[in-house]
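J.: no FASTA, just this:
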DNA sequence: AGAAATATCTGACCTGAGTCAGAGATTATG
DNA sequence: CATAATCTCTGACTCAGGTCAGATATTTCT
């Protein structure tokens, strides 16, 4: 059996198992879509967000909410700031219902895991992690977006949060690319995403001077590291900058990020003296595209 | 996040992915259940078998077949031996349609795999194998069935086929337990199965003389080895024989099956001189239950 | 041979999960 | 301030995927 068939076979197997394992249980005394909505509402969410995250038709969502309201599980109130928007939240009964569904799902998975030894459980979880990581990697594509878009800002926020946690003296968000900055300086914001709106990494190239561009803000979601995604992103940045005539690429990084420096070194960057006054750039690198 | 949540998380992820990866594609120009039926019919199958393997209502199946007949993809004819039963088979057009669906599915998985390096593909397949093996193991339960049942005979046939392949001079099926034999000699046929009708292992205990029973025909599906299932099956056989007063257990095996001898030794069996004249028992073991 | 069991088919009916076209309220924009 | 855009709701409709109760034909059992 070739690899494609092996993967399809696994998919078929897992599909069958999901009947028992998956969140399918959700529909036991309630239609599945209502249960799913119950989970998605969580601590309260506006309908607009629900519609996009669940991909529901507005009419359908409205009807589902009416039904949950009728069961006393959900309350829908107008949004305080915007009178067009309405916000759904769980009533105490709704929270109880959600907790019960959750407990039931935990129990069914738990009883399955109970059949395994602790070592086998560890192996199961580790193997699932591998599968997921590789599938995510396989479905990632890299594309350009505006540096002011919500997705770009979300990536930069995650990037900043991580640096803030890893740098001894923290990281100030004021060092981040400002919205719209690339349009004036020149450059591009690239995002690596599995699905159009779920980013797992980002990076920018930005014009420094004629023929010279800087690579900044390269970030990969911690869940997706170790799969060569950073290298893929870096080479996408290089080729796009190179395609626009910027053949000298510089970048700076911190000693607190040894894996970043290792990536740059192994990608053909050589260390140079500081080329700018960026606060966090303790190590500076340059690569000239051939 | 604890293990249960990790597993649930993987399930959620995989559910989402299956939309792209799975055999979901099947429904592109045809309802999903019709496509599934097209696959299940294969080289021809009687409706009775289709109904049970797909779990369909007879009325529903009938209607699906009518629709596929209308599209010229399927022919339904009476069964030659039994006039009540009808047999469905694919027309040339049906085979073409099936082949096209199959190609489409292969292609969508193939293009995903194409994003990975060969080493990553190998890791993906290996990790999926792990996940599947462990899940199968976790959902296996051991139960008694009649030694003349179709499932029992199927297990024995697989057992015989494997021995035939591994023994230098082959294995003769005439050495197998005969249907109904256990009812006269005393003993039980145990089957290890994930689902009621999908066995992954078997084994019997059979009365030799008062207080003494023999364990025979212990077999585990090759896909499920290395997970401790053989040990589980063996101990189930021991405890059931022991519960009926047979506290001395004997068994024989071949030198060509080193893993079997290792299992018996590590389960407390000690080697003894031959206790019978069974042709293939080059090594003989005994264990007295405490 | 007659009764009981088995297999399939037909028609009536149901439910979940949507889609679609507006209507009505509110907010943003030129 | 008028107009456009945004958000939600309602009613009408569709479709896949069934269930259920017989009717009918055949086979097996007694």
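T.: Yep, that arrived. Worth saying up front: this structure is predicted, and the values here are computed from it rather than measured.
J.: From now on I want contacts and neighbour counts done on CA atoms only, so please keep to that.
T.: Noted.
J.: What pairs with whatever helix or strand residue A:252 lives in, parallel or antiparallel?
T.: Using DSSP states H and E, residue A:252 maps to strand A:248-253. If you go by DSSP bridges, strand A:248-253 pairs up with strand A:212-220 (parallel), strand A:283-288 (antiparallel).
J.: next helix or strand past that strand?
T.: Under the assignment DSSP H and E, the closest C-terminal helix or strand after strand A:248-253 is helix A:258-266.
J.: For stretch A:117-124, the averaged confidence score.
T.: Averaging pLDDT along stretch A:117-124 yields 93.
J.: can you tell me the average pLDDT over the strand holding residue A:252?
T.: 97.
J.: residues of the one helix or strand residue A:6 maps to that come out buried?
T.: Using DSSP H and E, residue A:6 sits within helix A:3-21. Residues of helix A:3-21 classed as buried by neighbour count (16 or more other Cα atoms under 10 Å in any protein chain shown): A:4, A:7-12, A:14-15, A:17-18, A:21.
J.: Could you see whether DNA strand C lies near it?
T.: No: contact between helix A:3-21 and DNA strand C is absent, the nearest approach being 13.7 Å (criterion: Cα under 7 Å from any atom of the strand).
J.: about what we covered before: let's have the buried residues of helix A:3-21 in JSON lines, adding pLDDT and distance to residue B:137.
T.: Shown next, in JSON lines, are these (pLDDT from 0 to 100; distance: Cα to Cα, whole Å):
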{"residue": "A:4", "pLDDT": "93", "distance to residue B:137": "24"}
{"residue": "A:7", "pLDDT": "92", "distance to residue B:137": "19"}
{"residue": "A:8", "pLDDT": "89", "distance to residue B:137": "20"}
{"residue": "A:9", "pLDDT": "90", "distance to residue B:137": "17"}
{"residue": "A:10", "pLDDT": "91", "distance to residue B:137": "15"}
{"residue": "A:11", "pLDDT": "88", "distance to residue B:137": "17"}
{"residue": "A:12", "pLDDT": "86", "distance to residue B:137": "17"}
{"residue": "A:14", "pLDDT": "87", "distance to residue B:137": "14"}
{"residue": "A:15", "pLDDT": "83", "distance to residue B:137": "17"}
{"residue": "A:17", "pLDDT": "82", "distance to residue B:137": "12"}
{"residue": "A:18", "pLDDT": "78", "distance to residue B:137": "15"}
{"residue": "A:21", "pLDDT": "63", "distance to residue B:137": "14"}
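J.: tell me which of the residues you listed is nearest to DNA strand D?
T.: residue A:15 (14.1 Å; Cα to the nearest atom of the strand).
J.: Quick check: the closest one vs residue A:5, distance?
T.: 15 Å (Cα to Cα, to the nearest Å).
J.: Please apply the same query to residue A:186.
T.: On the measure of Cα to Cα, residue A:186 and residue A:5 end up 46 Å apart.
J.: Around chain B, pick out the residues from chain A.
T.: A:3-8, A:10-15, A:18, A:21-23, A:106, A:109-110, A:112-116, A:120-121, A:123-125, A:127-132, A:134-135, A:137-139 (Cα under 8 Å from any Cα of the partner chain).
J.: residues from chain A in reach of DNA strand D?
T.: Counting by Cα under 7 Å from any atom of the strand, chain A sits next to DNA strand D at A:46-48, A:51, A:58-63, A:65-66, A:76, A:84-87.
J.: List buried residues within the residues you listed.
T.: A:46-47, A:51, A:61, A:65, A:76, A:86-87.
J.: okay, these in CSV with distance to DNA strand C, pLDDT and secondary structure next?
T.: Below are these laid out as CSV (distance: Cα to the nearest atom of the strand, whole Å; pLDDT from 0 to 100; DSSP: H, G, I helix; E, B strand; the rest coil):
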residue, distance to DNA strand C, pLDDT, secondary structure
A:46, 14, 92, strand
A:47, 13, 94, helix
A:51, 10, 93, helix
A:61, 8, 96, helix
A:65, 12, 96, helix
A:76, 15, 94, strand
A:86, 10, 94, strand
A:87, 13, 95, strand
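J.: could those residues be laid out in a markdown table, adding distance to residue B:198?
T.: Putting those into a markdown table (distance: Cα to Cα, whole Å) gives the following:
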| residue | distance to residue B:198 |
| --- | --- |
| A:46 | 47 |
| A:47 | 46 |
| A:51 | 42 |
| A:61 | 41 |
| A:65 | 42 |
| A:76 | 49 |
| A:86 | 51 |
| A:87 | 49 |
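J.: so what's residue A:180 scoring on pLDDT?
T.: pLDDT, read off for residue A:180, is 88.
J.: Tell me the one of the buried ones among the residues of chain A next to DNA strand D nearest residue B:166?
T.: residue A:51 (59.6 Å; Cα to Cα).
J.: so what's that closest one up against?
T.: Counting by Cα atoms under 8 Å, 6 or more residues apart in numbering or on different chains, residue A:51 touches A:57-58, A:61.
J.: what ranges of the stretch 101-250 of chain A fall below the confidence cut-off?
T.: A:196-197 (pLDDT under 70).
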